[in-house]
Each structure stands twice: as structure tokens, then as C-alpha cells.
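Undergrad: fold the following, please.
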Amino acid sequence: MIETLGVLLAGGQSRRFGSPKAFATYKGKEFWEYSLQALKSSTESQAIISHPSLIEKLKKQTNIKVLNDDPIVQGKGPLAGIYTAMKDEKAEWFVFLSCDIPLITDKVVSTLLTYRSEGAKIIIPKINGKLHPLIGIYHHSIQSVVENQLLNNELKVMSLFEKVPVYFVLQHQLDVDSKIFSNINSPNDYVEILKNDKIAESD
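TA: Here you go, the predicted model:
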């Protein structure tokens, strides 16, 4: 069993965004590539969990293993992706990143990994009071807890935090800009991140 497996949660149709967010571009690269690069720099091996409609396109663009959500839990959101990774792959710790965080860095992932000795089963950032469950480190031993939540249609990832020990890593511990954790959920979010870049370039 390897120590760390990096898992990119490539998402599905992204209805709020209007098209699959994974393939939106930022500074010449697609969103998913930023998350995968952060994982490659910080974990021993990597995998991608994807909606069936995106699998073929992803397979053409990377040699990383691309998995479909387990049929039993398909359509049940990010929690289904977490379960699928834990069921199909073997690792002590799973590092999950969503595909809609193009500012993410490997420093965030590597710093989160340094808190594995704190006795928690989940390690996630807490930035300005906001939790980021899809930038997180999850221990393999919680697989049965994830499975039970899915069977009960309790699909919020943060519901896990009531059932297993969690360590919240604060911004000063990560020593990074809070904007790194910006996730792009809507066209407006996308416009905002592009606009902020233009402002920064003109300063």
C-alpha cells in the first residue's frame, strides 16, 4: 500500500457553470491540469475520478488513470468520488482536489500532508472561517463511514466531520494567500478571476 494517492475529482456537467468546469481555461491551461499538477508534486501516485461524459476526453489528454464513479453511487456528487477512490485504489491517505480551483498550489497540498500526525482522519483547510472539504486529506479507514453516508443519501462531504476526527489547518499555518482557495462555480466567478488577473498585470 502506498502512503499517499492524489485524486482529482473532475466533476460532471457543472450545470451552474454552463459547461464542464474541468475544461475551462486559465492562463493557457485547463482547470483540471492545475489540480493534477499540485497532486503530482506532492503525492506518490495519482488518479482521476470523472463523470462518464468526460472520461474519453480526459483519457486522450493524460496517461493518469481515469476512473468512473462506482455505479452504485453514481450521481451522488463528490462523496461518491471519494468512495470510488477508496474502494478501487489502495493508499494510506487520499489527497482529494476538486477541478475548479485553478489557483491551487502544491505548497497547500504538501503543507496539509505535514499534519497527518495530529491523530485526525481528515485534514482540510479552514480559511477565513470557511471549510474547504475538496482540498483535503482523507484516511483510508473512513471508507465505511463514507459508504454508510451514501447509502443513507447523506451526500454532504462535511457531514463526515461529525463522525470522524478532523484537523482544520488555518491560513497562517499554510502561509498562503486566501485567493488560492477560490473555486469557480459560476460564469461570474470565472469572469472575476480573469478580471483580477488583468488588474494585477496592469499594476
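
Undergrad: only C-alpha atoms for contact and neighbour calcs from this point on.
TA: OK.

Undergrad: quick check: which ranges of the protein have low pLDDT?
TA: Low-confidence segments of the chain, defined by pLDDT under 70: 12-16, 18, 197-203.

Undergrad: now do the strands in it.
TA: Using DSSP state E, the strands of the chain run over 2-9, 25-26, 29-30, 45-50, 65-68, 91-98, 122-127, 130-131, 135-139, 166-170.

Undergrad: burial count for H172?
TA: Per other C-alpha atoms under 10 Å, the neighbour tally for H172 reads 10.

Undergrad: how near is it to E154?
TA: 32 Å (C-alpha to C-alpha, to the nearest Å).

Undergrad: from Q61, how far out is K29?
TA: Distance from K29 to Q61, by C-alpha to C-alpha: 12 Å.

Undergrad: which of these two has more neighbours?
TA: K29 (12 against 9).

Undergrad: next, name the residue at the spatial heart of this structure.
TA: L97 (1.7 Å; C-alpha atoms, centre = their mean).

Undergrad: so that one makes contact with G11?
TA: No - using C-alpha atoms under 8 Å, L97 is not in contact with G11; the gap is 10.6 Å.

Undergrad: which stretches in this protein count as helices?
TA: Secondary structure of the chain, counting by DSSP state H: helices at 31-40, 52-61, 78-88, 106-113, 143-151, 171-174, 187-202.

Undergrad: so which elements touch the first one?
TA: If I follow you right, that is helix 31-40. strand 2-9, strand 45-50, strand 91-98, helix 106-113 (3 or more C-alpha pairs under 8 Å, 6 or more residues apart in numbering; DSSP states H and E).

Undergrad: can I get those in a markdown table with distance to I123?
TA: Below are the helices and strands packed on helix 31-40 laid out as a markdown table (distance: least, C-alpha to C-alpha, whole Å):
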| stretch | distance to I123 |
| --- | --- |
| strand 2-9 | 13 |
| strand 45-50 | 18 |
| strand 91-98 | 9 |
| helix 106-113 | 7 |
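
Undergrad: out of the ones you listed, flag the one nearest I137.
TA: strand 91-98 (4.5 Å; C-alpha to C-alpha).

Undergrad: on that earlier part again, export the helices of the chain to CSV and tack on distance to F23?
TA: Listed next are those as CSV, based on distance: least, C-alpha to C-alpha, whole Å:
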stretch, distance to F23
helix 31-40, 6
helix 52-61, 9
helix 78-88, 18
helix 106-113, 20
helix 143-151, 27
helix 171-174, 28
helix 187-202, 12
